[in-house]
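Colleague: attaching a predicted model along with its sequence, questions to come.
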Amino acid sequence: MGGSAELTDRKRLLIFINVSISTFAGTMLGTALTTALPPIMKDYNISVNTAQWLTSGFNLVMSIIIPLTSFLITRFKTKRLFLTAIILFLSGNIIAISSFNFFTLLVGRIVQAGGSALISSMAQVITLSIFPPEKRGYYMGWYGLALNAAPIISPTIAGILVDAIHWKMIFILAACIAFGSITLAVGNFGTHKFISYHVGMVLLIGFIAGVIFTYRQLHIKIPFLDLRVFKHKDFTIAVWSTIIIQLILMGSAIIFPVYFQQVKGRSATISGLAVLPGTMALSIVSPFAGKIYDKIGIRFLSSSLVLSPPSVI
């Protein structure tokens, strides 16, 4: 992709609309199946411990692929890599729509996650690269609307689709959005308790692998993932703040629909609507937050985080 100075305002806007639509389609499937798990369990005769892999597995693959993006984006052209990500996401939806058992549906979810991870990571890079510094906060605010609102509003949309038609309509809708995005782009984590031997061994292996990976990345000339950036206090605080915020958003979006359907016996539509107020608030605030960032910086915005704990209580 050429430098931002080589692009017209219209071209920048079209590119931004494309990446925002793609991001919305990709991130919405991260939590969309939470309201659809009960009917999927019934159709495929599986337990909730098995069905939850449709959401946990999706997020697990996302966490693996996202760090790879910085490596891939330096070796492939941006447009080609972004189109590949959309095609991968669309293919995963087709597999899910055509699924005849739990295994094929899980495969579709894994493929979806691969494409979604690439899309969401590249979208940030693309947005930051096509706009001048004085406009980045504003457009990143609108990008935040697509990135953060989608996984919260998707249970509501999914609940309506499940009650009105069938749970596979969730994937059909996502596929239609992804197909539209391709057109525009071309034109311009069980069955074991957490405190158990099995989980403990997996966590231990993961911890050891993480230590080895970190040591190696800090002692080679060209690291696959540059971990030295965590020496910067501000960056580290920002990363951990983002992790905590996403844990709250994603955790509530996944748990609430299951609670309303399994414990309260409500319909998929009602369980989806239960998380809608938070989505509306996020949708309204996000663009304005970007504009405020452009004018006065991050300190005032970060102070608003103190409002989150009281609101949960």
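Modeller: That came through, no problem.

Colleague: for the spatially closest residue to residue 218 that is not a sequence neighbour, what are its contacts?
Modeller: Once flanking residues are discounted, residue 218 sits nearest to residue 227: 6.1 Å by Cβ to Cβ, 6 or more residues apart in numbering. The C-beta positions use only the backbone N, C-alpha and C, and glycine is treated the same way. By Cβ atoms under 8 Å, 6 or more residues apart in numbering, the residues touching residue 227 are 214, 217, 218.

Colleague: if we only consider the residues you listed, which is nearest to residue 44?
Modeller: When the contacts of residue 227 are ranked by distance to residue 44 (Cβ to Cβ), residue 214 comes first, at 39.7 Å.

Colleague: what's the helix or strand for the closest one?
Modeller: helix 197-217 (DSSP states H and E).

Colleague: pLDDT of that helix, averaged?
Modeller: The average pLDDT within helix 197-217 is 67.

Colleague: equivalent analysis for stretch 17-35, please.
Modeller: Stretch 17-35 shows a mean pLDDT of 80.

Colleague: buried ones in it?
Modeller: 18-35 (16 or more other Cβ atoms under 10 Å).

Colleague: re the thing from before, now distance to residue 44 and neighbour count too, for the contacts of residue 227, in JSON lines please.
Modeller: Shown next, in JSON lines, are these (distance: Cβ to Cβ, whole Å; neighbours: other Cβ atoms under 10 Å):
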{"residue": "214", "distance to residue 44": "40", "neighbour count": "13"}
{"residue": "217", "distance to residue 44": "41", "neighbour count": "15"}
{"residue": "218", "distance to residue 44": "45", "neighbour count": "11"}
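
Colleague: closest to residue 95 among the residues you listed?
Modeller: So of the contacts of residue 227, ranked by how close each gets to residue 95 (Cβ to Cβ), first place is residue 217, at 34.0 Å.

Colleague: my read: that closest one touches residue 223, true?
Modeller: Yes: with contact defined as Cβ atoms under 8 Å, residue 217 and residue 223 form a contacting pair (4.3 Å).

Colleague: pull out the buried residues from the longest helix seen in the chain.
Modeller: When the chain is parsed with DSSP state H, its longest helix is helix 133-164. Buried residues in helix 133-164, counted by 16+ other Cβ under 10 Å: 136-163.

Colleague: the closest residue to residue 97 other than its chain neighbours: helix or strand, and which one exactly?
Modeller: Nearest residue to residue 97 in three dimensions, chain neighbours excluded: residue 171, at 4.9 Å (Cβ to Cβ, 6+ apart). Per DSSP H and E: residue 171 is located in helix 169-187.

Colleague: cool, residue 49 as well?
Modeller: helix 48-51.

Colleague: may I see the buried residues of that helix?
Modeller: Under the neighbour-count rule (16+ other Cβ under 10 Å), helix 48-51 has 50, 51 buried.

Colleague: show me what it is packed against.
Modeller: Packing partners of helix 48-51 (3 or more Cβ pairs under 8 Å, 6 or more residues apart in numbering; DSSP states H and E): helix 37-44.

Colleague: who touches residue 214 in this structure?
Modeller: residue 227.

Colleague: for the helix holding residue 171, what is the average pLDDT?
Modeller: The average pLDDT within helix 169-187 is 72.

Colleague: and residue 86, how far is that from residue 145?
Modeller: According to Cβ to Cβ, to the nearest Å, residue 86 and residue 145 sit 20 Å apart.

Colleague: show me where pLDDT drops low in the stretch 51-200 of the chain?
Modeller: Applying pLDDT under 70 to the stretch 51-200 of the chain flags the ranges 180-200.

Colleague: please repeat the previous calculation with a cut-off of 50.
Modeller: The stretch 51-200 of the chain contains residues with pLDDT under 50 at 189-195.

Colleague: for residue 167, helix, strand, or coil?
Modeller: Of the three states, residue 167 takes coil according to DSSP: H, G, I helix; E, B strand; the rest coil.

Colleague: who's in contact with it?
Modeller: Counting by Cβ under 8 Å, 6+ apart, the residues that residue 167 touches are 33, 36, 39, 40, 43, 158, 161.

Colleague: can you do 7 Å?
Modeller: When contacts are counted by Cβ atoms under 7 Å, 6 or more residues apart in numbering, residue 167 touches 36, 39, 40.

Colleague: for the residue nearest to the second one when sequence neighbours are not counted, what are phi and psi?
Modeller: For residue 39, ignoring the flanking residues on the chain, the nearest one in space by Cβ to Cβ, 6+ apart is residue 167 at 5.2 Å. Note on residue 167: backbone dihedrals following degrees, to the nearest 10 are phi -60, psi -20.

Colleague: for residue 103, see how far away residue 167 is.
Modeller: The value you get for residue 167 to residue 103, if Cβ to Cβ is used, is 17 Å.
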